[in-house]
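Trainee: Fold the following, please.
(one chain, ligands or ions: 1)
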Amino acid sequence: MPEIQFKETHDGSKTLYRPDINETYHSIHGALQESLHVFIKMGLDEFKGQNINILEIGFGTGLNAWLTLLNKPKNQEINYTSLETIPLNKEITDQLNYHLLVTHENAKKAFNQIHNAEWNRFIEIEKGFNLNKLEASIQNAVLPQNHFDLIYFDAFAPNKQPELWEVTIFEKMYSLLKPNGKLVTYCAKGQVRRNMEIANLVTERLQGPPGKREMLRATKP
Ligand SMILES: C[S@@+](CC[C@H](N)C(=O)[O-])C[C@H]1O[C@@H](n2cnc3c(N)ncnc32)[C@H](O)[C@@H]1O
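Mentor: Purely as a prediction, here's the structure:
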């Protein structure tokens, strides 16, 4: 595993930093706020009242999976598949402080359940929320076609991992999405948007999280 350090972001939540690629796991303007805005508000909230399949690219700290569990209505069922090539060890995830920054009564318990869950198969974390943490890359993972309602595209930035933002990757995302399925990402780069469009996704620029002007949402028509 590469060296990993902790950094505090502007909303008080921690993120992780990889010195080898000079990249953080979240926005330095606020890890928690970024995830809540990009993935929950602009992604999950579009599917209120529907039982859905979510795919995440980059499980990392588990922040998005955890926020999805805390924010989903009790009667909504979610199957959440998350890909990760470098699973973090418990020593690192135990030091993350996200549960201290929210008021949800099960915050800490839910975070631990998500991290303690076995990898590479679906585990029921609680009723209505099944999690499959897959140790696989976005490039190689074999996943069902026309299956996902929502993709959280949370890879490292295009200047750090350009191969994850290529047309071929978005073509794969297109094939995995159901018609009307949506992909959300914090990235708003013009080239990324063009690559999504070449892959036949219909894109929107939306207001970004605190500290960032814009983000992207793409829909499979
Ligand atoms: C920007 S971080 C975000 C992680 C996570 N969503 C979070 O909130 O902590 C990107 C993640 O993608 C993972 N990753 C890198 N290359 C990958 C690949 N080819 N396929 C899937 N995940 C990858 C990294 O290890 C890292 O955990």
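Trainee: now for the helix or strand where Asn180 lies, which elements pack on it?
Mentor: If you go by DSSP states H and E, Asn180 is part of strand 177-185. Using 3 or more Cβ pairs under 8 Å, 6 or more residues apart in numbering; DSSP states H and E, the elements in contact with strand 177-185 are strand 148-153, strand 214-219. (Each C-beta comes from the backbone N, C-alpha and C, glycine too.)
Trainee: out of the ones you listed, which comes closest to the ligand?
Mentor: Nearest to the ligand among those is strand 148-153; the distance by Cβ to the nearest ligand atom comes to 6.9 Å.
Trainee: Which pLDDT value does the model give Ile40?
Mentor: In this model, Ile40 is scored at 98, pLDDT.
Trainee: and the helices and strands packed on strand 177-185, which is most packed in?
Mentor: strand 148-153 (a mean of 24; mean count of other Cβ atoms under 10 Å).
Trainee: pLDDT on it, on average?
Mentor: 99.
Trainee: got a list of contacts for it?
Mentor: Residues outside strand 148-153 that contact it (Cβ atoms under 8 Å, 6 or more residues apart in numbering): 39, 43-44, 46-47, 50, 52-57, 64, 81, 173, 176-178, 181-185, 187.
Trainee: CA atoms only for stretch 98-112, dumped as PDB, please.
Mentor: Provided in PDB are the C-alpha atoms of stretch 98-112 (Å, rounded to 0.1, in the frame of the first residue of the first chain):
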ATOM      1  CA  TYR A  98     -16.900  11.700  10.000                       C
ATOM      2  CA  HIS A  99     -19.300  10.300  12.600                       C
ATOM      3  CA  LEU A 100     -18.400  13.200  15.000                       C
ATOM      4  CA  LEU A 101     -19.800  15.700  12.500                       C
ATOM      5  CA  VAL A 102     -23.300  14.400  12.000                       C
ATOM      6  CA  THR A 103     -26.200  14.100  14.400                       C
ATOM      7  CA  HIS A 104     -27.500  10.700  13.200                       C
ATOM      8  CA  GLU A 105     -27.800   8.300  16.200                       C
ATOM      9  CA  ASN A 106     -26.300   5.300  14.300                       C
ATOM     10  CA  ALA A 107     -23.500   7.200  12.600                       C
ATOM     11  CA  LYS A 108     -20.600   5.400  14.200                       C
ATOM     12  CA  LYS A 109     -22.200   2.000  14.200                       C
ATOM     13  CA  ALA A 110     -23.000   2.300  10.500                       C
ATOM     14  CA  PHE A 111     -19.500   3.400   9.600                       C
ATOM     15  CA  ASN A 112     -18.000   0.500  11.500                       C
END
